[in-house]
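Enquirer: build me a model:
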Amino acid sequence: MAIIDPHLEHLKRCLKKEVMVSSEPFSWGKTIHKAIKCPGRRYYFWWRIANYLYLSKRNRKLAIRLARKLRNKYACDIHPGTQIGVGLRISHFVGIVISHRCIIGENFHIKQNVTIGVRHINQSGHIHIGDKVEVGANSCIIGDDIYIGNNVLIGAMTFVNKNVPDNAVVMNKKEMTILPVGV
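Expert: Numbering: from 1, shown residues only. Here you go, the predicted model:
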């Protein structure tokens, strides 16, 4: 009887949805073909490999090296120890920083210049983000033990440091003011 590796099964589900983008059964050949053919999917491929190596404790040094190369090439710094569910979607890779202290659900959509992290290095808590969460550009989620529910939309340029319930929209209250020229 074969032993099922949950980390490997998670890797395959993620690669099927994020790299293959197909309803066909998972195939390493098709996944690698799509990673080569579609430049926009390469980041997902290599980050998921690094994530698998790190979380399964197979080769953490290689995982960190892969993540460093991805950071240098894409300007996107997602720690390989971050737990992210199936369906990660990044609109623009530039300026994204996600700490390894994050546990993120499925169908997570993030835009450019977003930081999700902890207040200090020695903190014991995590940032928990539910399923179907979208984070707008230039947003910041920082805290010790924050819970963001399912089906949440965090607007652009929003600072989040408190819990957010399910089915919520979080945005800045400040409104844009337009003044006429010469006033």
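Enquirer: every contact and neighbour count from this point should use C-alpha atoms.
Expert: Will do.
Enquirer: so which residues of this protein form helices?
Expert: Secondary structure of the chain (DSSP state H): helices located at 6-15, 28-37, 42-55, 60-74.
Enquirer: could you list the domains of this structure?
Expert: Domain ranges of the chain: 1-75, 82-171, per automatic domain parsing.
Enquirer: so, low pLDDT: which residues of the protein?
Expert: In the predicted model, the chain carries pLDDT under 70 at residues 1-2, 176-179, 182-183.
Enquirer: strands along that one, start to end?
Expert: All strands of the chain, identified by DSSP state E, fall at 76-78, 83-84, 89-90, 96-98, 102-104, 109-110, 115-117, 127-129, 134-135, 140-142, 146-148, 153-154, 159-160, 169-170.
Enquirer: so which of those strands is nearest Ile64?
Expert: Closest of those to Ile64 is strand 76-78, at 10.4 Å (criterion: C-alpha to C-alpha).
Enquirer: in its sheet, what does that closest one sit against?
Expert: strand 96-98 (parallel) (DSSP bridges).
Enquirer: contacts for the partner strand?
Expert: The contact list for strand 96-98, computed with C-alpha atoms under 8 Å, 6 or more residues apart in numbering, reads 75-79, 82, 111-117.
Enquirer: give me that answer again for 6 Å
Expert: 76-78, 112-117 (C-alpha atoms under 6 Å, 6 or more residues apart in numbering).
Enquirer: just the buried residues from these, in ChimeraX please.
Expert: With 16 or more other C-alpha atoms under 10 Å as the criterion, this ChimeraX line picks the buried residues out of the contacts of strand 96-98:
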select :76,77,78,112,113,114,115,116,117
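Enquirer: and the furthest pair within the contacts of strand 96-98?
Expert: Greatest spatial distance in those: Gln112 and Gly117, 15.1 Å, computed using C-alpha to C-alpha.
Enquirer: and the closest residue in space to Gly85 that isn't next to it in sequence, how far is that from Trp28?
Expert: Distances taken as C-alpha to C-alpha, 6 or more residues apart in numbering put Glu106 closest to Gly85, at 4.2 Å, once the chain neighbours are dropped. Per C-alpha to C-alpha, to the nearest Å, Glu106 is found 22 Å from Trp28.
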